[in-house]
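> would you be able to build a 3D model of this:
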Amino acid sequence: MTATGESMTLDCRRGHASPADGGRPARVSLIIPVYRMEEELRHCLECLAKQTYGDFEVVVVDNEPSADGGVSSGVRAIISEFADAGLRVHGIECCQPGSYHARNAGVLNSHSELIAFTDADCQPLPEWLEAAVEAWDTNAHPGVVSGPVALYPADGGPISLYEMRFSYLGFVSDRSDSFVTANWLISREIFVAVGAFDASLRSGADADLSRRINAAGHRRIYAPNAIVRHPTRATLEELLRKHRRTIGGAWNRTPRHLRTLRVLRHVLKRGWSRYRDLRQSRSGETEPVAGLVRVQRAITAAEIRETIRLACGGEPER
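Next comes the predicted model:
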């Protein structure tokens with residue numbers, strides 16, 4: 001059992017083997033969960049093929065396996081393409097829904113001293129792993145290493161502008177009290193000792209694990225040169241889906257006593273704070289800011305509906 005009480009025996013199977021490096025495991029295993037993001041995965045692997053640090057393998061965890069239980073044909077084809085080109089990459093499948101289940105499964109199906117995480121829609125810069133590993137090696141008592149998640153706008157529309165202004169990814173810094181799995185490096189020893197990700201959470205398990213790492217006496221190390229780029233979302237439905245998922249995470253983390261009222265208070269407090277911030281910046285009554293106000297209204301309404309759905313017995317979205 002892990003420290004979170006979750007069994008580490010997950011419903012997943014080992015995929016095809018990666019190219020061997022003389023039988024020696026790579027020093028770093030990079031875990032990437034993927035769920036309906038084949039094109040994004042391709043771009044991510046293109047970035048990983050350009051890493052200046054070479055002693056790593058990539059474990060792609062397909063969280064929507066094929067009907068026969070194996071890695072889906074689309075994901076398998078992308079993996080094979082990059083493996084044939086020399087990237088040390090292989091795939092496994094994880095049938096339990098949720099990215100944290102998939103990340104835990106990836107760790108179980110790897111053997112490296114260090115474990116890195118990023119997301120399929122991320123684009124690590126070439127020096128990312130080199131900078132992260134250097135920070136790990138040169139700091140005393142590291143627990144987890146992270147660096148900037150550099151947001152860039154997918155387009156010039158209000159959805160992208162809203163995320164550029166408010167997304168929590170853009171606030172990761174040396175002052176953060178937690179790091180995110182878009183940009184994460186940890187040792188296998190510490191990961192196992194503190195108890196892996198709490199996969200019962202659909203959102204926020206990285207913050208939970210950050211707190212447990214800190215409580216165990218390990219340091220959070222910020223490496224400013226370990227940069228991962230991440231595009232903003234471009235459509236309202238993508239943005240609302242993300243916010244429904246984060247409400248599901250908040251729902252699971254909130255004690256059952258008065259849970260509905262507590263989550264609604266969180267929704268309304270954050271929504272009002274952002275709405276007020278936007279209203280105060282409308283000095284010139286510009287159309288972009290007016291568009292952001294409409295986005296905020298839609299988000300608050302969606303979060304209220306999601307809270308009510310969960311209170312009526314619904315399951316959190318993945």
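> just confirm Ser112 contacts Val58, I think it does.
No. Judged on C-beta atoms under 8 Å, Ser112 makes no contact with Val58 at a distance of 11.0 Å. Where you see a C-beta, it was placed from the backbone N, CA and C, and this is true even at glycine.
> point out where this protein drops to low pLDDT.
1-22, 282-287 (pLDDT under 70).
> one more time with 80
Across the chain, the ranges flagged by pLDDT under 80 are 1-23, 168-177, 202, 281-288, 318.
> can you pull out the helices in it?
For the chain, the helices defined by DSSP state H cover 38-48, 73-84, 99-108, 128-138, 158-166, 188-194, 205-215, 236-253, 259-280, 287-311.
> mean neighbour count, these: which tops it?
Greatest average neighbour count among the helices of the chain goes to helix 99-108 (a mean of 26), per mean count of other C-beta atoms under 10 Å.
> of all the helices of the chain, which one comes closest to Gly23?
helix 73-84 (17.4 Å; C-beta to C-beta).
> follow-up on the earlier one: of all the helices of the chain, which one is nearest Ile92?
helix 99-108 (6.5 Å).
> show residues contacting that closest one.
6, 8, 10, 12, 29, 31-35, 59, 61, 63, 92, 94, 96, 115, 117, 119, 181, 188, 191, 196-199, 201-202, 205, 318 (C-beta atoms under 8 Å, 6 or more residues apart in numbering).
> take the residues you listed and keep only those in strands.
Cys12, Ser29, Ile31, Ile32, Pro33, Val34, Val59, Val61, Ile92, Cys94, Ile115, Phe117 (DSSP state E).
> determine which two of the residues you listed are furthest apart.
Top of the distance list for those (C-beta to C-beta): Val34 and Ile115, 17.0 Å.
> before we move on, back to that, ok, Ser112 and Val58, which is more surrounded?
Neighbours were counted for Ser112 and for Val58 using other C-beta atoms under 10 Å; Val58 has more, 28 against 19.
> contact partners for the closest residue to the more buried one other than its chain neighbours?
Once flanking residues are discounted, Val58 sits nearest to Val89: 4.0 Å by C-beta to C-beta, 6 or more residues apart in numbering. Shown in contact with Val89 (C-beta under 8 Å, 6+ apart): Ser18, Leu45, Leu48, Glu57, Val58, Val59, Val60, Ile79, Phe82, Ala83.
> how about Ala85?
Ala49.
> how near is it to Val144?
31 Å (C-beta to C-beta, to the nearest Å).
> can you check Leu41 too?
24 Å.
> now swap in Tyr152 and tell me
24 Å.
> how about Val289?
Taken as C-beta to C-beta, the span from Val289 to Val144 is 37 Å.
> reformat the ones in strands among the contacts of helix 99-108 as CSV; add neighbour count and distance to Trp251.
Putting the ones in strands among the contacts of helix 99-108 into CSV (neighbours: other C-beta atoms under 10 Å; distance: C-beta to C-beta, whole Å) gives the following:
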residue, neighbour count, distance to Trp251
Cys12, 23, 26
Ser29, 24, 32
Ile31, 24, 26
Ile32, 26, 27
Pro33, 26, 21
Val34, 26, 25
Val59, 28, 30
Val61, 28, 25
Ile92, 23, 29
Cys94, 28, 23
Ile115, 24, 28
Phe117, 26, 24
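> His218: which of those residues is nearest?
Once C-beta to C-beta is applied, the member of the ones in strands among the contacts of helix 99-108 that ends up nearest His218 is Ile115, at 13.9 Å.
> ends of stretch 26-42, how far apart?
Terminal residues of stretch 26-42 are spaced 22 Å apart (C-alpha to C-alpha, to the nearest Å).
> for the ones in strands among the contacts of helix 99-108, which one is nearest Glu237?
Using C-beta to C-beta, those come closest to Glu237 at Val34, 19.7 Å.
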